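Enquirer: Sequence first, predicted coordinates after that:
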Amino acid sequence: MITMLAVMLAEVLIFVPSIANFRESWLEAKLETAAVAGVASEGGDAPIGAALEADQGASLLVALDAMLVAIVEGGASRLIARADTIDVAGLQIDLADRNPVPMVLGAFDTLLFGSDRTMRVYGPVGDGTLVAEVVMSERPLRRDMLIYSRNILFLSLAIASFAALLVYAAISYYLVRPIQAMTGAMIRFGQNPADPSRIIQPSGRGDEIGTAEAELAVMQARLAGTLREQRHLADLGLAVAKINHDLRNILASAQMVSDRLADVPDPRVQKVVPPLVRSLDRALSYTQSVLSYGRAIESPPAKRAVRLARLVDDVFEVVAPPEGGPIELVNAIPDTLEIAVDPGQFHRVLVNLCRNAVQALEGDAADLPSLVRRVTVGARPEPQDEVLISVEDTGPGLPARARENLFKAFQGSARTGGTGLGLAIVAEIVQAHGGRIALAERRLPGTRFEIHLPARADELAGEDRPG
């Protein structure tokens, strides 16, 4: 429809000069016929423009549909033919005036008001030595102009319809059909994202449609992969949830047995019991980590003003190796430093980081007493109203694979058999506190995590401080 309107508008712009030119040509043809009749009327030595015989004059008037025909030569006017009655010419048309504006206005004046008027038309003919003059009714001119306008209208409609069909076919082939194909591909993919055959196959076009198809195929492939991972995680969570009840009972029974074994005075039993207890604790911890990560999102932190040094002391009591061990735990935080955190959630953050560090150091060779086995937790105020908290160890450091997938569940573990859930939980809690965590570079072997938190403990000064 828009194409048809555009073509019709163009045809209207063409029609305006065209109808004016048609009127001018029509009148010129009448004058040329009158001039030919005047030339034909000369005989022997008769001057040009001598009057025709009565019957010839009548035939000329009928042919021209005119009332009067005259020729002007050298300033002298000669009557060629004349009707018995002549109406007064109310319209004077000089074809010597070629100004386009009067031509266009005259054409529309004839179309609108040319029914009953009589016009006098005159102008040069041929080489300009003769001037023909015709007095006639304007009705025949208006009739022919209306027929011409009707023909132009029908032709314009045909051209507009043909152009519209061509444009519609082009848009349908190059735009509508590819977009419909992409829409159908998205609907089919949404019905079953797990089916790789439902991923759209790009057509290879080099325009925007081809780019959209290629990007849609990439997006669908990524989404399908993400959904597969999510489905695997959901299956894993369901499996762990099903076995958790029975596993807890089994581990509880094993813990009761290990507690009884701890009372046996046999040195060999005493040597075996501590590793057994630690293994049971780790098994319970792994199960709880998976369940904790699979539950709902962490609740918003209930921030309190916390003395960080005392919180770290509590963490060290949890993660310290049995009987002290060769690992040194260093609390390098000033006693007066306070931060605004959720005590329970941030305790989990530090426990996860410190436990990872302790486990990394426990993997060192026990027969090398010269190795430094130390976990240090420090903190200091930073510019822009922040507190930097660091947890570093002197262990072997993280492997490349663990560095690339830090803070990603089930991908960022640095130990064989680890889940990688601890760092994922840490990152989630730190972000909920408005902070950020990153792995810092070290010149010496080991690992250093840095946590940047907003320092707003002064805002909570009126509240109770735990510890």
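Expert: That came through fine.
Enquirer: Do you have the strands of the stretch 151-300 of the chain handy? List them.
Expert: For the stretch 151-300 of the chain, applying DSSP state E, counting those that start in this stretch gives no strands.
Enquirer: remind me which residues of the stretch 101-250 of the chain are low pLDDT?
Expert: 240-242, 244-246, 248-249 (pLDDT under 70).
Enquirer: And for the closest residue to Pro140 other than its chain neighbours, the neighbour number?
Expert: In this structure, Pro140 finds its nearest non-sequential neighbour in Asp65, 4.9 Å apart by CB to CB, 6 or more residues apart in numbering. From N, CA and C alone the C-beta is placed, and that goes for glycine too. Look at Asp65: counted by other CB atoms under 10 Å, it has 13 neighbours.
Enquirer: Enumerate every residue touching Asp65.
Expert: 136-137, 140 (CB atoms under 8 Å, 6 or more residues apart in numbering).
Enquirer: By neighbour count, sort out the buried ones in these.
Expert: Among the contacts of Asp65, those classed as buried by 16 or more other CB atoms under 10 Å are 136-137.
Enquirer: From the contacts of Asp65, which land in strands?
Expert: 136-137 (DSSP state E).
Enquirer: What is the nearest of the contacts of Asp65 to Gln230?
Expert: Pro140 (84.9 Å; CB to CB).
Enquirer: how close does the residue nearest to Asp385 when sequence neighbours are not counted get to Ala158?
Expert: In space, Asp385 comes closest to Ala455 once its chain neighbours are excluded; the distance is 5.2 Å by CB to CB, 6+ apart. In this structure, Ala455 and Ala158 are 80 Å apart, going by CB to CB, to the nearest Å.
Enquirer: the more surrounded of these two?
Expert: Ala455 (18 against 10).
Enquirer: contacting residues around Val375?
Expert: 327-330, 354, 357-358, 361, 391-393.
Enquirer: Would you agree it falls within a helix?
Expert: No. Applying DSSP: H, G, I helix; E, B strand; the rest coil, one finds Val375 to be strand, outside a helix.
Enquirer: What's opposite it in the beta bridge?
Expert: Leu329, Asp393 (DSSP bridges).
Enquirer: Against Val135, how distant is it?
Expert: 120 Å.
Enquirer: same thing with Pro193?
Expert: 87 Å.
Enquirer: Of these two, which one has the most company?
Expert: Set side by side, Pro193 and Val135 show more neighbours around Val135, with 21 against 18, by other CB under 10 Å.
Enquirer: Touching, the more buried one and Leu79? I think so.
Expert: No. In this structure Val135 lies outside contact range of Leu79 using CB atoms under 8 Å: 11.1 Å.
Enquirer: tell me, what's touching these two both at once?
Expert: Leu68.
Enquirer: can you give me the strands in the stretch 351-467 of the chain?
Expert: Using DSSP E, counting those that start in this stretch, strands in the stretch 351-467 of the chain cover 374-382, 386-393, 436-440, 447-454.
Enquirer: quick one, which of these is nearest to Met219?
Expert: strand 436-440 (28.2 Å).
Enquirer: Quick check: mean pLDDT of the closest one?
Expert: Over the span of strand 436-440, the pLDDT mean works out to 92.
Enquirer: Pull the contacting residues for Pro100.
Expert: Counted by CB under 8 Å, 6+ apart, Pro100 has contacts 17, 20.
Enquirer: one step back: which residues touch the residue nearest to Asp385?
Expert: 339-340, 381-382, 385-387.
Enquirer: so what pLDDT did it get?
Expert: On the pLDDT scale, Ala455 gets 78.
Enquirer: Distance check, it against Leu353.
Expert: Taking CB to CB, one finds Ala455 at 20 Å from Leu353.
Enquirer: can you pull up the bridge partners for Glu450?
Expert: For Glu450, the beta-bridge assignment (DSSP bridges) gives partners Ser390, Ala438.
Enquirer: pretty sure Ile199 is touching Ala217, no?
Expert: Yes. Under the criterion of CB under 8 Å, Ile199 makes contact with Ala217 at 5.8 Å.
Enquirer: ok, and the closest non-adjacent residue to Gln191?
Expert: Arg198 (7.6 Å).
Enquirer: Domain-wise, how is this protein divided?
Expert: The chain breaks down by automatic domain parsing into domains covering 2-161, 208-291, 301-460.
Enquirer: Distance to Ala185 added to those domains, as TSV?
Expert: As requested, the domains of the chain are arranged in TSV below (distance: least, CB to CB, whole Å):
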stretch	distance to Ala185
domain 2-161	29
domain 208-291	7
domain 301-460	30
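Enquirer: For Met182, which of those is the nearest?
Expert: Judging the domains of the chain by CB to CB, what sits closest to Met182 is domain 208-291, at 6.1 Å.
Enquirer: from the middle of its chain, how far away would the closest one be?
Expert: 41 Å (CA atoms, centre = their mean, to the nearest Å).
Enquirer: same deal with stretch 144-160?
Expert: 45 Å.
Enquirer: again, but for stretch 197-204
Expert: The answer for stretch 197-204 is 20 Å, by CA atoms, centre = their mean.
Enquirer: so where do the helices sit in the stretch 251-400 of the chain?
Expert: Applying DSSP state H, counting those that start in this stretch to the stretch 251-400 of the chain gives helices spanning 267-294, 308-319, 343-362, 400-404.
Enquirer: in the shortest one, what's buried?
Expert: Of the residues in helix 400-404, those buried under the neighbour-count criterion (16+ other CB under 10 Å) are Ala402.
Enquirer: In CSV, list the C-alpha atoms belonging to that helix.
Expert: Extracted in CSV, the C-alpha atoms of helix 400-404 (Å, rounded to 0.1, in the frame of the first residue of the first chain):
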residue,chain,number,x,y,z
ALA,A,400,46.2,-23.0,35.8
ARG,A,401,42.9,-24.8,35.4
ALA,A,402,41.8,-23.6,38.8
ARG,A,403,42.8,-20.0,38.1
GLU,A,404,40.8,-20.0,34.8
